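Peer 1: could you look at this predicted model? Sequence included:
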Amino acid sequence: MQFKICLIGSIPKGDSERKGWVDWKTKFKQALSKLENIEFVDGDDWKDETEPLLLLGHDANMVKISDLIIVDAEKPIGNGIGAGTAQEILIAKYFNKPVITVLPKDTHHRRSNITFHGVVINDWIHPFLLATSDLVVETIEEAIPWIKEFISDPRSKKIKNISIIDNAIESFLEFQKGQRE
C-alpha cells in the first residue's frame, strides 16, 4: 500500500506569475524519493480558480486522503505562507493528519534572537505554525527519520488534532485567570 504525502505551500497566482516559476515541490519530492512506497498528492495537479468552492473541495479532499502533510514555509523574510496553506494546515488538524513544517531559521516565520516585550527569544517560531505542526525542521532531509518512524508505526508519534485550538484557548483563559488573582 502506498503512503500518501501531501505537499502544501505557495503556488503562483495567475498565468503571468506562473511563467518562469520554479516549482519548490521538485526539491521536496527528490529528497523524499529515498522513502519506499510513497505517493505524492499535489494540489497543483488540478486548479480551477474560476470555481472557488470546487477548489476548496479539491484541496480539502487532497488533505483528507493523505497520510502526511508537509508544509513548505521556507520563504524569506517578508514572504510568509499564503492563506490557502494556512487553511490547509487547519484542515489537516481537522482530519487528524500529521503536519511537518519545513521552516529554516531566519525566514519570515522563524527568527533568531528576536525581542518581544523586552524578552529575547533565541529561536522564535510563529506560534500558529508551532502549535499546529507535529514537527518543525529546517530542511526536508531532517524530516526523513521522523517520517520513516511514522510510516513503520503511526502510533509512535503523538499527532495533534483540531482540539489544539480548544487547548490553546483553555491555556490562555487559565493564564488570564491567574493574572487576575
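Peer 2: Looks like it arrived, so ask away.
Peer 1: which other helices and strands contact the longest helix anywhere in the chain?
Peer 2: Using DSSP state H, we find that the single longest helix of the chain is helix 163-180. Secondary-structure packing of helix 163-180 (3 or more C-beta pairs under 8 Å, 6 or more residues apart in numbering; DSSP states H and E): helix 127-132. In short, each C-beta sits where N, CA and C put it, glycine included.
Peer 1: just checking, what packs against the helix it packs on?
Peer 2: helix 83-94, helix 163-180.
Peer 1: C-terminal to the helix or strand of the chain with the lowest mean pLDDT, what's the next element?
Peer 2: When each helix and strand of the chain is scored by mean pLDDT, DSSP states H and E, helix 15-18 comes last, with a mean of 70. Using DSSP states H and E, the helix or strand that follows helix 15-18 towards the C-terminus is helix 25-32.
Peer 1: and the most centrally placed residue in the chain, bridged to which residues?
Peer 2: Residue closest to the average C-alpha location in the chain (C-alpha atoms, centre = their mean): residue 71, at 3.3 Å. Bridge pairing for residue 71 (DSSP bridges) gives the partners residue 8, residue 101.
Peer 1: that one reaches residue 99, doesn't it?
Peer 2: Yes. If you go by C-beta atoms under 8 Å, residue 71 and residue 99 touch, sitting 6.3 Å apart.
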